[in-house]
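Student: would you be able to build a 3D model of this:
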Amino acid sequence: MFEGLSQKLSSIFDTLTRRGALSEADVDVALREVRRALLEADVALDVVRSFVDKVRARAVGANVVKSVTPGQMVVKIVNDVLIETLGAEAEPINLDAVPPVVIMMIGLQGAGKTTTTAKIAKRLNERMKRKVLMASLDVKRPAAQEQLAVLGRQIGVDTLPVIAGQTPVQIAVRAEQAARLQGYDVVLLDTAGRTHIDEALMQEMADIKAASRPHEILLVADALTGQDAVNLAKSFDERVGITGIVLTRVDGDGRGGAALSMRAVTGKPIKLLGAGEKMDALEDFHPARIADRILGMGDIVSLVEKAAQSIDAEKAQRIADRMRKGKFDLDDLSEQLAQVEKIGGLGGIMGMLPGMAKIKDQMAAAHLDDRVIKRQRAIISSMTGQERRNPDILKASRKKRIAAGSGVKVEDVNRLLKQHRQMADMMKSMGGAKRGGALAKMGQALGLPGGGMGGGMGMPQPKPEQIAALQKQFGPMPGGPAPKPAAPAAPPPGLAPKLPGLGGLNSGPQPGRLPGLGGGLGGGVLSGLNPFGKKK
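Tutor: I've put the predicted structure just below:
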């Protein structure tokens, strides 16, 4: 959603940071471009004026103009004001009330209320271990109540049985009573929508609110509606009173202005982002992380959290153990590719890595997208178990059969086998503690138990001077150093989780490393997919 804005702002700041010193005229020119970029991104005019005025007040000062790196100071100021505009801190759904906690979902028809209701229910049930009841109050739209019941069965969450002829207010009262009697923690009320705001809709919402006394009223707004979403939020807030906003379809090609405007105009926090049709495609809205993404600094913390939730720790531990022993077959490679898909595919990972926005065009030209992973998994799936365990037996006739079975050319099969061979050789050369490989030597230099780099639960953090000494002694890590963030985007200590056997997500100097993915984006699964690296 923020791609267009991110690209424009990045080009503006690239021009600034190349200069040795900035004059007030330079800052004014840059802010004029920032203003134009925000307006093109569909941000409300009042919000743009306020934004630019705040930045100018802080940027046109002696501290910036005389700074050693004035361009970077301006980037930092814009980043700070962006975070203020989006809301200083993340505000998740508030369940701090006597159960059953009633959450009322409101919004226009087609914004994705019913799907979002099910996503929130799944999230509360699985992550927060709450017993959830969903109830559909939409008696106008055909099969709306049945749709919620089907989604409930899919995610394993109870829905209120349908009784024909009841009004939305009667259903809300019945849902609250049923939840209290049956010991539910949370009740989600999926209300009806209209194609536009009218008095009948507002009156119905006010009546439901009076009858159910909801603890949270969440407005579900479509990010693709742009400025109209801001007017929608104002109208609902004035008549019904909302406590938070859920933006849907942020994975679409909307221009991101709604997110920047809604918080500033209504004063109500954006709590969640819907980023796809799947039931787990729901993210917490963290203003600081979104600001980093907009300015091209990446979002390593969210990527780490996503990896921790998506990746099976035991499976990753097994693969890591096999790698340390120099055993890495095509089944292991397929498993790693599957884990990349779980995290969000190449596009999802690249979008969260610092500096990747600038090479997006090259990636597109090289056809480096999620289809590459699907194609490679199809090739591996077309092999027999024996072939996957022992790729050396793959001769010309077998390769032809595999290519035909997976719908690719023989060259694609050869490319995959070469990639696997490179990864296996790299793992073998790095070796374990017994063979005294590179990992073992590095582990000993860091004073790790057993001299290994397994990265278990209690693995200590290397100090900066130790890292510098290692780089001097051993040179850069295989695959090259990860892209350096434009500004500090590293998670605070303890925020990035450590998973057993996954190399310790916050244990190394490179921010681009992911658990169980073959030792980082530079030298793991994606090394064979990198069109910009050296050819061997």
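Student: what pLDDT is listed against G298?
Tutor: According to the prediction, G298 has pLDDT 52.
Student: and the helix ranked longest in the chain, what's its mean pLDDT?
Tutor: Using DSSP state H to define each element, the chain has its longest helix at helix 410-430. For helix 410-430, mean pLDDT rounds to 83.
Student: now it: buried residues?
Tutor: 412-413, 415-417, 419-420, 423-424, 426-428, 430 (16 or more other Cβ atoms under 10 Å). In this view, the C-beta of every residue, glycine as well, is placed from N, C-alpha and C.
Student: go on, stretch 138-147?
Tutor: Across stretch 138-147, burial judged by 16+ other Cβ under 10 Å covers D138, V139, A144, Q145, Q147.
Student: try stretch 116-135
Tutor: Neighbour count says stretch 116-135 has 116-125, 130-135 buried, by 16+ other Cβ under 10 Å.
Student: same question for stretch 104-116.
Tutor: By 16+ other Cβ under 10 Å, the buried positions in stretch 104-116 come out as M104, M105, I106, G107, L108, A111, G112, K113, T114, T115, T116.
Student: does the fourth one touch T117 like I think?
Tutor: No. Under the criterion of Cβ atoms under 8 Å, G107 lies out of contact with T117, with a separation of 10.5 Å.
Student: hmm, back to that, of all the buried residues of helix 410-430, which comes closest to D331?
Tutor: H420 (10.6 Å; Cβ to Cβ).
Student: from S382, how far off is the closest one?
Tutor: Distance, H420 to S382, by Cβ to Cβ, to the nearest Å: 15 Å.
Student: just the strands in the chain please.
Tutor: All strands of the chain, identified by DSSP state E, fall at 101-106, 132-136, 158-159, 186-190, 216-222, 244-248, 270-274, 282-284.
Student: low pLDDT regions in the stretch 1-150 of the chain?
Tutor: 1-4, 18-22, 61-70 (pLDDT under 70).
Student: quick one: which of the buried residues of stretch 116-135 sit in helices?
Tutor: T116, T117, A118, K119, I120, A121, K122, R123, L124, N125.
Student: quick one: which of those is nearest A210?
Tutor: Of these, the one sitting nearest to A210 (Cβ to Cβ) turns out to be T117, at 20.7 Å.
Student: pretty sure the closest one contacts D190?
Tutor: Yes. Under the criterion of Cβ under 8 Å, T117 makes contact with D190 at 4.4 Å.
Student: give me the common contacts of the two.
Tutor: Common contact partners of T117 and D190 (Cβ atoms under 8 Å, 6 or more residues apart in numbering): M105, M134, L148.
Student: now S50. Nearest residue, chain neighbours left out?
Tutor: Nearest-residue entry for S50: A264, 7.0 Å, with adjacent residues in sequence omitted and distances by Cβ to Cβ, 6 or more residues apart in numbering.
Student: swap that for R421, sorry
Tutor: Once flanking residues are discounted, R421 sits nearest to P391: 7.6 Å by Cβ to Cβ, 6+ apart.
Student: can you pull the contacts of that neighbour?
Tutor: P391 is in contact with D329, L330, L417, H420, R421, counting by Cβ under 8 Å, 6+ apart.
Student: closest to E40 out of those?
Tutor: Minimum separation from E40 among the contacts of P391 (Cβ to Cβ) is found for H420, which lies at 44.9 Å.
Student: from L333, how far out is that closest one?
Tutor: H420 is 5 Å from L333, by Cβ to Cβ.
Student: same check on A175?
Tutor: 49 Å.
Student: same thing with V250?
Tutor: Counting by Cβ to Cβ, the gap from V250 to L333 is 32 Å.
Student: hang on, isn't the residue nearest to S50 packed against K54?
Tutor: No. Taking Cβ under 8 Å as the definition, A264 is not a contact partner of K54, at 11.1 Å.
Student: find residues that contact each of the two.
Tutor: Contacts common to A264 and K54, judged by Cβ under 8 Å, 6+ apart, are absent.
Student: in the stretch 101-250 of the chain, which spans are helices?
Tutor: Using DSSP state H, counting those that start in this stretch, the helices found in the stretch 101-250 of the chain span residues 113-126, 144-155, 168-182, 199-212, 227-239.
Student: out of those helices, nearest to V47?
Tutor: Minimum separation from V47 across the helices of the stretch 101-250 of the chain (Cβ to Cβ) falls at helix 227-239, 8.7 Å.
Student: I'd like the mean pLDDT over the closest one, please.
Tutor: Across helix 227-239, pLDDT averages out at 86.
Student: for that helix, packing partners?
Tutor: helix 199-212, strand 216-222, helix 257-266 (3 or more Cβ pairs under 8 Å, 6 or more residues apart in numbering; DSSP states H and E).
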